[in-house]
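A.B. asks: this is a predicted model, with the sequence first.
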Amino acid sequence: MSDEIKISVRNLNFFYAGNHQALFDNNLEIRANHVTAVIGPSGCGKSTHLRTYNRIFELYRGQRAEGEILVDGENILSPHVDVLELRRRIGMIFQKPTPFPMSVFDNVAYPLRLHFKLSKSEIADRVEDALRGVSLWDEVSGKLKTSGLALSGGQQQRLCIARAVTAAPEVLLMDEPTSAIDPVATLKIEDLILQLREKFTIVIVTHNMQQAARISDYTAFFYQGRIVEYGRTEAIFTNPSNPKTEEYITGRFG
Amino acid sequence: MARTMNISDTTVDRTFRIATGAAAVAIPLLLLLFIVQLTWGSLPAWREFGPGFLIGTEWDPVAGRYGALPAIAGTLLTTFLALLFAIPAAFVTALYLADAPPVFGGILSQALDLLAAIPSVIYGMWGLFVLAPIMQETIQPFLSETLGLGRIPFFGVDGDGFGFLTAGIILALMILPYISAVMRNVFLMTPPMLVESARGIGCTRWEAARDIMVRYGARGLLGAIFIGLGRALGETMAVLFVIGNISEVPTSLYSSGTTIAATLANHFAEADGVLRAVLFALGLVLLALSLAVQIFARYYLMLTNSSRGEK
């Protein structure tokens, strides 16, 4: 695996409406084709941090980010960036599965129709590829026309990952993707994340430290809007250098 | 002191249950009574003209011959026009309001609700004194001649400002606040995470609204349309002012005509004998139309529910 830097966060500060500051001078380098876990207690800013990478926070009034987020060297916080193209390049998976109210097939085909001009058969091929890629094809190939809402929670989440993947992104942001999923389905999604690492750069927010230890290569520990510690996951979990990190991973608060 | 259960308590309970139960039963009973009464009152008309009454076009009080087609066709045409104008306008209004800055959006929503509070007779007067002249002098000539739409059959060439198009526009204004208030609530109920995932995939605002919010809220949006449809079908006063009130089947958008509600309002004062029965029959038709719309709406919603695969 390469050690190329995919995303470089520099002096990121974030404010909610009313100038309420939620992130303080975040600096972070996300390596390409690795899984980076973002951990920390509730309200520490880990989701907020993730939501700056695709500028999804801009849907809400009064939220703003200052500083730089370089993706392949380009500052994506710059007003000149094409946000729609940015969001195609940086996909997002949410805490709860968010299948669109349409068929399984149309869910996965949606980004294809939105971003690319493809023939019907190309779309069908790519939808199948994507569903195979998330190990969902065997389960849903007979019911591509049924509603995506009719699948189980774990299947819905894998459907959403397949949908994110068809947009041909470079980075996948996952905001506690298994928090609403049962343990067996969670393991399937964790396996999937490890496979997806081959093709994508993955940043995952999780409140589950075992999950972070199982699937991530790097871990960033957030506390009160600051990045307290960042390094290789083994190092963070076996030999944290900051006492706060140690307290958190040993379960003394959180 | 502990409260003990005694006879008067249970009596109060029972009285309360009977009172609320009676009120609840009274509603379907009232509906049933309306249907019985209208059917009973209209019997002489059905006996006189038979089912052909529904497609009869004559309206001759002197000869005592009546047909319902002009009123039925007029009702359907004005309602159709009203929905045609109101739905897109209400849709974009609701979409804006659902996403508007809090204070400004709040003021606009209040103003929209106030629009619904204007008595229909005011709309009628406005239609008669303001809209009709504008229609005659500006809008109708513009549509027919400048845009050349007059060459389309049924569109209409020379208008006097009254008629179906004018009535349809007024009706559209009247039902707009109802439709868009409900649509706005439907849009507001879309889960933020669903909107985020659409926008997160690279949708524009419009694409997210068109592809995700509309589908998600399809049932609510349809419900909003049916609320407007129900109102447009039965609206009387505002239509009465601008429809022209002649019992003729529509020949163009500019032609004068009538609707069921307008016919009823126009003739009840003088009605006796068979005309009275005819008016009851028209009332029955209007009630049947409204009920059919409601029943169809519910049936359709059930169908779409199962095809969306919801549990």
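C.D. replies: Received it, and whenever you're ready, just let me know what you need. Numbers count the residues shown, from 1 in each chain, chains lettered A, B, ... in the order given.
A.B. asks: where does chain B have low pLDDT?
C.D. replies: Low-confidence segments of chain B, defined by pLDDT under 70, span residues B:1-8, B:304-311.
A.B. asks: how far off centre is stretch A:100-113?
C.D. replies: Computed by C-alpha atoms, centre = their mean, to the nearest Å, the chain-centroid distance of stretch A:100-113 equals 20 Å.
A.B. asks: list the contacts of residue A:152.
C.D. replies: Contact analysis of residue A:152 by C-beta atoms under 8 Å, 6 or more residues apart in numbering or on different chains lists residue A:185. All C-beta atoms are positioned from the backbone trio N, CA, C, and that covers glycine.
A.B. asks: pLDDT value on it, please?
C.D. replies: On pLDDT, residue A:152 comes in at 93.
A.B. asks: same deal with residue A:254?
C.D. replies: 65.
A.B. asks: look up how far residue B:240 lies from residue B:38.
C.D. replies: 21 Å (C-beta to C-beta, to the nearest Å).
A.B. asks: okay, those two: which has more neighbours?
C.D. replies: Neighbour totals were compared for residue B:38 and residue B:240, and residue B:240 leads with 24 against 19 (other C-beta atoms under 10 Å in any protein chain shown).
A.B. asks: tell me the contacts of that one?
C.D. replies: B:124, B:261, B:262, B:265, B:266 are the contacts of residue B:240 under C-beta under 8 Å, 6+ apart.
A.B. asks: what sits closest to the second one if chain neighbours are left out?
C.D. replies: Closest residue in space to residue B:261, ignoring its immediate chain neighbours: residue B:236 at 3.9 Å, by C-beta to C-beta, 6 or more residues apart in numbering or on different chains.
A.B. asks: over to the first one?
C.D. replies: Here the nearest residue to residue B:124 in space, its sequence neighbours aside, is residue B:241; by C-beta to C-beta, 6+ apart that works out to 3.5 Å.
A.B. asks: same check, this time on the fourth one
C.D. replies: If the residues on either side of it in the chain are set aside, residue B:265 comes closest to residue B:236, at 5.1 Å by C-beta to C-beta, 6+ apart.
A.B. asks: which residues does that neighbour contact?
C.D. replies: B:120, B:261, B:262, B:264, B:265.
A.B. asks: and the two most separated of the residues you listed?
C.D. replies: Farthest-apart pair in the contacts of residue B:236 is B:120 and B:264; separation 14.7 Å (C-beta to C-beta).
A.B. asks: wouldn't residue B:209 be in contact with residue B:96 here?
C.D. replies: No. Between residue B:209 and residue B:96 there is no contact under C-beta atoms under 8 Å: 10.2 Å.
A.B. asks: neighbour count winner among the two?
C.D. replies: residue B:209 (22 against 14).
A.B. asks: how close does the closest residue to that one other than its chain neighbours sit to residue A:125?
C.D. replies: What sits nearest to residue B:209 in space, not counting adjacent residues and going by C-beta to C-beta, 6+ apart, is residue B:95, at 5.6 Å. Distance, residue B:95 to residue A:125, by C-beta to C-beta: 35 Å.
A.B. asks: so those two - more neighbours on which side?
C.D. replies: Of the pair residue B:95 and residue A:125, residue B:95 is the one with more neighbours under other C-beta under 10 Å, namely 20 against 12.
A.B. asks: next SSE after the helix or strand containing that one?
C.D. replies: Taking DSSP states H and E as the criterion, residue B:95 maps to helix B:69-98. Counting by DSSP H and E, the next helix or strand C-terminal to helix B:69-98 is helix B:102-117.
A.B. asks: what about the helices in the chain?
C.D. replies: All of this refers to chain A. Taking DSSP state H, the helices of chain A run over residues A:46-53, A:83-89, A:104-115, A:120-133, A:137-140, A:153-166, A:183-196, A:209-215, A:233-238, A:243-249.
A.B. asks: could you do chain B instead?
C.D. replies: B:7-49, B:69-98, B:102-117, B:120-126, B:132-134, B:140-141, B:164-188, B:192-200, B:205-208, B:214-216, B:218-234, B:237-242, B:260-267, B:273-307.
A.B. asks: okay if I get the ones you listed as CSV plus distance to residue A:188?
C.D. replies: Formatted as CSV, the helices of chain B follow (distance: least, C-beta to C-beta, whole Å):
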stretch, distance to residue A:188
helix B:7-49, 50
helix B:69-98, 37
helix B:102-117, 42
helix B:120-126, 60
helix B:132-134, 66
helix B:140-141, 66
helix B:164-188, 35
helix B:192-200, 20
helix B:205-208, 29
helix B:214-216, 27
helix B:218-234, 32
helix B:237-242, 61
helix B:260-267, 61
helix B:273-307, 29
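A.B. asks: which one of the residues in chain A is closest to chain B?
C.D. replies: residue A:147 (3.2 Å; C-beta to the nearest C-beta).
A.B. asks: please report how far the nearest residue to residue B:60 once chain neighbours are set aside lies from residue B:49.
C.D. replies: In this structure, residue B:60 finds its nearest non-sequential neighbour in residue B:66, 7.5 Å apart by C-beta to C-beta, 6+ apart. Distance, residue B:66 to residue B:49, by C-beta to C-beta: 7 Å.
A.B. asks: what touches both of the two?
C.D. replies: What both residue B:66 and residue B:49 touch, as defined by C-beta under 8 Å, 6+ apart, is the set residue B:56.
A.B. asks: these two: who's more crowded?
C.D. replies: residue B:66 (26 against 20).
A.B. asks: identify the residues contacting the residue nearest to residue B:126 when sequence neighbours are not counted.
C.D. replies: Leaving aside its sequence neighbours, residue B:126 sits nearest to residue B:170 (C-beta to C-beta, 6+ apart; 7.8 Å). The contact partners of residue B:170, taken as C-beta under 8 Å, 6+ apart, are B:123, B:124, B:126, B:127, B:131, B:238, B:239, B:242.
A.B. asks: hmm, 7 Å instead?
C.D. replies: B:123, B:127, B:131, B:238, B:242 (C-beta atoms under 7 Å, 6 or more residues apart in numbering or on different chains).
A.B. asks: same question, residue A:225
C.D. replies: Per C-beta under 7 Å, 6+ apart, neighbours of residue A:225: A:21, A:22, A:23, A:24, A:44, A:45.
A.B. asks: and for residue B:283?
C.D. replies: Residue B:283 touches B:38, B:264, counting by C-beta under 7 Å, 6+ apart.
A.B. asks: what do you get if the cut-off is 6 Å, keeping everything else the same?
C.D. replies: Shown in contact with residue B:283 (C-beta atoms under 6 Å, 6 or more residues apart in numbering or on different chains): residue B:38.
A.B. asks: so for chain A, the centremost residue is which one?
C.D. replies: residue A:173 (1.6 Å; C-alpha atoms, centre = their mean).
A.B. asks: so for stretch B:94-101, what gets flagged as buried?
C.D. replies: Judged by neighbour count using 16 or more other C-beta atoms under 10 Å in any protein chain shown, the buried positions of stretch B:94-101 are B:94, B:95, B:97, B:98, B:99.
A.B. asks: now do the first one against residue B:220, distance only.
C.D. replies: By that I understand residue B:94. With C-beta to C-beta as the criterion, residue B:94 and residue B:220 are 10 Å apart.
A.B. asks: circling back: any idea how far residue A:55 is from the residue nearest to the centre of chain A?
C.D. replies: Taking C-beta to C-beta, one finds residue A:173 at 11 Å from residue A:55.
A.B. asks: likewise residue A:90?
C.D. replies: Where residue A:55 is concerned, residue A:90 sits at a distance of 9 Å (C-beta to C-beta).
A.B. asks: beta partners of the residue lying closest to residue A:21 once chain neighbours are set aside?
C.D. replies: Nearest non-adjacent residue to residue A:21, counting by C-beta to C-beta, 6+ apart: residue A:15, 5.3 Å away. For residue A:15, the beta-bridge assignment (DSSP bridges) gives partners residue A:21, residue A:64.
A.B. asks: was I right about residue A:15 contacting residue A:45?
C.D. replies: No. Residue A:15 lies out of contact with residue A:45 (C-beta atoms under 6 Å); the separation is 11.5 Å.
A.B. asks: neighbour count winner among the two?
C.D. replies: Legend: neighbour count by other C-beta under 10 Å for residue A:15 and residue A:45, higher for residue A:45 (22 against 17).
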